[in-house]
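**Student:** Sequence first, predicted coordinates after that:
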Amino acid sequence: MESSPASPQRSGKPARSSASGRPARSGSPLRKPAAAAQRTAPEKAASVPVPDAPVVLEIDGLRKAFGRAVAVDGVSLAVRQGSLFGFVGPNGAGKTTTLSMAAGLLRPDSGAVRVRGVDVWGEPQKAKSLIGVLPDRMRLFDRLTGAQILYYTAVLHGLDRASARARADDLAQALGLDGSLERPVRDYSVGMVKKVSLAAALIHSPALLVLDEPFESVDPVSTAQSVDLLHRYAAAGGTVVLSSHNMDLVERVCDAVAVIVDGGILAAGTLDEVRDGRSLEERFVELAGGRVAVEGLEWLTTFSV
Ligand SMILES: Nc1ncnc2c1ncn2[C@@H]1O[C@H](COP(=O)(O)OP(=O)(O)OP(=O)(O)O)[C@@H](O)[C@H]1O
């Protein structure tokens, strides 16, 4: 696989770890490759973190452009079984595009995704049975009730009717949706839609969960319940990749992290490797180019009456 060209860098921004987005193996997870290094064949993808656990998700050199704009530029990662992997980055960095490709929802221009060794694009049906996905801006059939959404999702994944109903009830209870399941989804709040979508992603007990902003708009109690559920799932051998803008939450929930900026991975590894002695938020701001001093806007404090 060829390495992809690096994107132009904004001044003051850290260098990308590599065109393939892989971190250094030792010391700081950041690498600052010379141009020559970027032309060499990529090394093996970074493994994170549970040592010796099998790799469940292998992302290899993914690239995606929309017209002339490159959204994802040679991203490679390996996520091991039992990991809760956080995928963070500024707005427009390429998180949703990468996760959509990882989950088989968006075809990459180049690169490959394997889940438990199954090529997501070569064997899509087999791969989809292994993946539970909560996409960005999930659109549900909103005339259906939450119970119907969960039931049909389960049956489409091959579960029998009794198991489908039992699992829907279990998940509704675990996520604080019991009492709402018989209402049509069009009457749900944004947070309730997230929760029923998470339940739908989990209902066939997939090997891998790909969750795009699963906690956005979800209240703190429901977030805690969802986190408990994800920890339980991971402890039993499930693997989770999630994106979030909430650095505190990622620090609390995830054992490994990748930071993506401008379509390339700047750091990846265990949480401690990526934090490098700081809070994840401080590290994130540094990697994302720091805070920009705001000039002008004096009118904002004039408070015209
Ligand atoms: N369907 C599309 N058509 C054109 N451009 C797109 C499309 N989807 C994403 N992009 C562009 O690709 C880049 C990456 O977008 P993406 O949604 O992956 O970012 P993100 O990291 O998930 O952002 P956010 O945190 O704001 O959700 C952005 O510049 C975005 O404008």
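**Tutor:** Looks like it arrived, so ask away.
**Student:** so what's Gly191 up against?
**Tutor:** Shown in contact with Gly191 (C-beta atoms under 8 Å, 6 or more residues apart in numbering): 217-219, 222. (C-beta placed from N, C-alpha, C; glycine too.)
**Student:** Which helix or strand contains it?
**Tutor:** helix 190-202 (DSSP states H and E).
**Student:** could I get the contacts of Gly191 as JSON lines with distance to the ligand?
**Tutor:** Listed next are the contacts of Gly191 as JSON lines, based on distance: C-beta to the nearest ligand atom, whole Å:
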{"residue": "Ser217", "distance to the ligand": "13"}
{"residue": "Val218", "distance to the ligand": "16"}
{"residue": "Asp219", "distance to the ligand": "21"}
{"residue": "Ser222", "distance to the ligand": "21"}
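**Student:** From those residues, which land in helices?
**Tutor:** Ser222 (DSSP state H).
**Student:** which stretches of the protein have low pLDDT?
**Tutor:** 1-50, 138, 291-293, 304-305 (pLDDT under 70).
**Student:** all helices for it, in order.
**Tutor:** Counting by DSSP H, the helices of the chain are 35-39, 95-102, 124-130, 146-156, 161-174, 190-202, 220-235, 247-253, 271-275, 280-287.
**Student:** Distance to Glu298 added to those helices, as CSV?
**Tutor:** Below are those laid out as CSV (distance: least, C-beta to C-beta, whole Å):
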stretch, distance to Glu298
helix 35-39, 43
helix 95-102, 35
helix 124-130, 54
helix 146-156, 49
helix 161-174, 51
helix 190-202, 35
helix 220-235, 37
helix 247-253, 31
helix 271-275, 37
helix 280-287, 25
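**Student:** Point out the most buried one among those helices.
**Tutor:** helix 95-102 (a mean of 25; mean count of other C-beta atoms under 10 Å).
**Student:** Next up, the contacts around Phe87.
**Tutor:** Per C-beta under 8 Å, 6+ apart, neighbours of Phe87: 95, 98-99, 241-244, 257-258, 260.
**Student:** From Val294, how far off is it?
**Tutor:** Phe87 sits 28 Å away from Val294, going by C-beta to C-beta, to the nearest Å.
**Student:** ok, now Thr270?
**Tutor:** On the measure of C-beta to C-beta, Thr270 and Val294 end up 35 Å apart.
**Student:** Hmm, Ala102 and Pro135 touching each other?
**Tutor:** No: between Pro135 and Ala102 there is no contact under C-beta atoms under 8 Å: 11.1 Å.
**Student:** residues near Asp187, how many?
**Tutor:** When neighbours are counted by other C-beta atoms under 10 Å, Asp187 registers 11.
**Student:** For Arg143, which residues are in contact?
**Tutor:** Neighbours of Arg143 in contact, by C-beta under 8 Å, 6+ apart: 184-186.
**Student:** Just the buried subset of the residues you listed, please.
**Tutor:** Val185 (16 or more other C-beta atoms under 10 Å).
**Student:** With distance to Phe66 as new columns, can the contacts of Arg143 be given to me in JSON lines?
**Tutor:** Putting the contacts of Arg143 into JSON lines (distance: C-beta to C-beta, whole Å) gives the following:
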{"residue": "Pro184", "distance to Phe66": "34"}
{"residue": "Val185", "distance to Phe66": "29"}
{"residue": "Arg186", "distance to Phe66": "30"}
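**Student:** Which ones, among the contacts of Arg143, also lie beside the ligand?
**Tutor:** By C-beta under 6 Å from any ligand atom, no member of the contacts of Arg143 lies near the ligand.
**Student:** That'll do, ta.
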